[in-house]
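Engineer: Okay, here's the prediction I keep looking at, along with the sequence it came from:
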Amino acid sequence: MSQNFELIIFYKYTPVSDVERFVVWQKKHCAELGLLGRILIAKEGINGTVEGLVENIREYERRMHTFDGKPGTFGDFSDVWFKGSPSNGGAFEKLKVKARTEIVATGLSDEEELDPNQITGTHIEAEELKQWIERGEEFEIIDMRNDYEHAVGHFSGSRDSGMKNFRDLPNIASLHEDIKEKKVLTVCTYGVRCEKASGYLKQKGFKNVYQLHGGIGTYMKKYPGQDFLGSLYVFDDRMTEQFTDHYQKIGTCVVCAATSERFGNCAWSDCHKQLIICEACAPNKTTIYCGKDCELSHMKGVAK
Ligand SMILES: [Zn+2]
Ligand SMILES: [Zn+2]
């Protein structure tokens, strides 16, 4: 039986009028359409990844786009950009729809908390970035994803932001002080993290901040195998996404340094950070840690 599945990724920062009822709406309509995945809803907006049969995905998008901000529609979702990839129907085991305080947890304090509708980097499209690269424009790319995502694939010459987790965002401005006056482009998987991350850099005094609209995934679909090394890490059971067979793997096993794109977890149960652990080293994976701290914590059996 061959059926066509699609996986869509979407977000929008926009005021949501009734978070709890919108959660109920999402659960009901996703269940009705047989969609599985993860949706987070907060007063500041929505962030989701869902997978289902192509025709049901189209119907979900249609229903979402009818919400135009008028009373009873939860907010204005009429222009949400659904970024789709063909898939095999196995990316998720369940549907999870949750109410949160933020649609991506940032770790920003109440004073630092920002609204991307007020302060954010200038959006550029994939085509514009391609032009920047081709005409040798002077700029720096800060990759706003986590270190393990950067490790398995990234734009050639991009900087690792220095985040193990996006909650480290409040700590990264000082790591990139040297390019505060330069033209800076932030990138992430499909764009949602850059909305606040680029705003945060501006808040910290970075002069010339841009963000890649639609993220790395959109760029890779448009220009497969170009300017990006390795694979795109994704937050579902696929682990990584490729857009061409002709690419060079850059991920390396944390144990033996062999080339690999296989992910495992830090053995310390309170950490469970993603690590690249190759097939050969995997049988020992219960004893592989992301660092000395985790190893010691596990030995002592105490929480960090
Ligand atoms: Zn290995
Ligand atoms: Zn760890």
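Structural biologist: Happy to help now that I have it. Numbers count the residues shown, from 1 in each chain. Ligands and ions are numbered 1, 2, ... in the order given.

Engineer: tell me the centre residue of this structure?
Structural biologist: Closest residue to the average C-alpha location of the chain: Thr189 at 4.3 Å, with CA atoms, centre = their mean.

Engineer: Quick one: name the residues of this structure near ligand 1.
Structural biologist: The chain comes close to ligand 1 at residues Cys253, Val255, Cys256, Ala258, Cys278, Cys281, as judged by CB under 5 Å from the ion. The way it works is simple: take the backbone N, C-alpha and C, and place the C-beta from them, glycine included.

Engineer: Name the nearest residue to the third one, sequence neighbours excluded.
Structural biologist: If the residues on either side of it in the chain are set aside, Cys256 comes closest to Cys281, at 5.6 Å by CB to CB, 6 or more residues apart in numbering.

Engineer: same question, the first one
Structural biologist: If the residues on either side of it in the chain are set aside, Cys253 comes closest to Cys278, at 3.8 Å by CB to CB, 6+ apart.

Engineer: Tell me how many other residues surround the one you found.
Structural biologist: When neighbours are defined as other CB atoms under 10 Å, Cys278 has 19 of them.

Engineer: residues touching it, list them.
Structural biologist: Cys253, Val255, Cys256, Ala258, Thr259, Ser260, Arg262 (CB atoms under 8 Å, 6 or more residues apart in numbering).

Engineer: which stretch of helix or strand covers the second one?
Structural biologist: Yep, that's Val255 we're talking about. If you go by DSSP states H and E, Val255 is not part of any helix or strand.

Engineer: coming back round to it: ChimeraX command to pick out the buried ones of the contacts of Cys278?
Structural biologist: The following ChimeraX line selects those of the contacts of Cys278 that are buried, judged by 16 or more other CB atoms under 10 Å:
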select :253,255,260,262
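
Engineer: Out of the contacts of Cys278, the closest to ligand 2 would be?
Structural biologist: Comparing the contacts of Cys278 against ligand 2 with CB to the ion places Val255 closest, at 13.8 Å.
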